[in-house]
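[1] from the sequence below, what's the structure:
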Amino acid sequence: MADIETNMIKGLKEGNPKAQQMMVERYGRHVFNQVVRLLPSVEDAEEVYQDVFLKVFLNINRYEEEKSFFKTWVSRIAYNESITWLRHKRQQMIYFEDEDGEAERLSEAEVEATLGHSDPETVQLIRAALKHLPPEERSLITMFYYEEMSVKDIAYVTDSPPNTIGSKLFRTRKKLCKIIQMLQS
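    Below is the predicted model of the structure:
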């Protein structure tokens, strides 16, 4: 672990306000981006964002560096706080459900052809399609693609086995591709 991060964590454990400020400056954008992708509004994300940092500051002594990187541990707290908020608020949202198995019939080449482009139109379609996924599936996609987290780190954040994350990610990518195709029609 880098000396700066080690010193920051030591300062957090001591309740040092400068270490807290450093932590917010260093990880604030990452946490906010993670939370805002899961919650329905920026105002809700701001509320949860603050809760994440309070929880980090109050639970810093539970961080175990041998289990994960500090950033991954913070991501786990952000994920759990977001999911807890969604469950508590019982947000009524309409999601695409693949009842007829259409998404499962897409080949990996078809998925790559749809999701593999970075032109502005495709990026807009992907953003629109993400809104039709349940929060847990949306978080898998955002952690893997936007935050470039490994399957192992996502498994830690979501408290799931890596094989389960790999399978869910595979199915969610196909579902996302199908939603994009529907939005294009």
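[2] show me the shaky parts of this structure.
    In the prediction, the chain carries residues with pLDDT under 70 at positions 1-2, 90-119, 122.
[3] now the helices for it?
    3-13, 17-38, 42-59, 70-89, 108-115, 120-130, 135-141, 151-158, 162-184 (DSSP state H).
[4] dump those to a markdown table, plus mean neighbour count.
    Just so you know, the C-beta spots here come from the backbone N, C-alpha and C atoms, and that holds for glycine as well. As requested, those are exported to a markdown table (neighbours: other CB atoms under 10 Å):
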| stretch | mean neighbour count |
| --- | --- |
| helix 3-13 | 15 |
| helix 17-38 | 17 |
| helix 42-59 | 16 |
| helix 70-89 | 19 |
| helix 108-115 | 15 |
| helix 120-130 | 14 |
| helix 135-141 | 20 |
| helix 151-158 | 20 |
| helix 162-184 | 17 |
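[5] how close does the residue nearest to residue 130 when sequence neighbours are not counted sit to residue 126?
    Using CB to CB, 6 or more residues apart in numbering and skipping the chain neighbours, the partner closest in space to residue 130 is residue 138 (5.3 Å). As for residue 138, its distance to residue 126 is 11 Å (criterion: CB to CB, to the nearest Å).
[6] tell me the contacts of residue 152?
    Residues near residue 152 by CB atoms under 8 Å, 6 or more residues apart in numbering: residue 162.
[7] what's the spacing between it and residue 55?
    To residue 55, residue 152 is 23 Å away according to CB to CB.
[8] next one: residue 172
    In terms of CB to CB, residue 172 sits 27 Å off from residue 55.
[9] which one is residue 36 nearest to, not counting chain neighbours?
    residue 45 (4.0 Å).
[10] these two touch, right, that neighbour and residue 39?
    Yes: counting by CB atoms under 8 Å, residue 45 touches residue 39, with 4.7 Å between them.
[11] tell me the spacing between residue 74 and residue 177.
    From residue 74 across to residue 177, the span is 31 Å (CB to CB).
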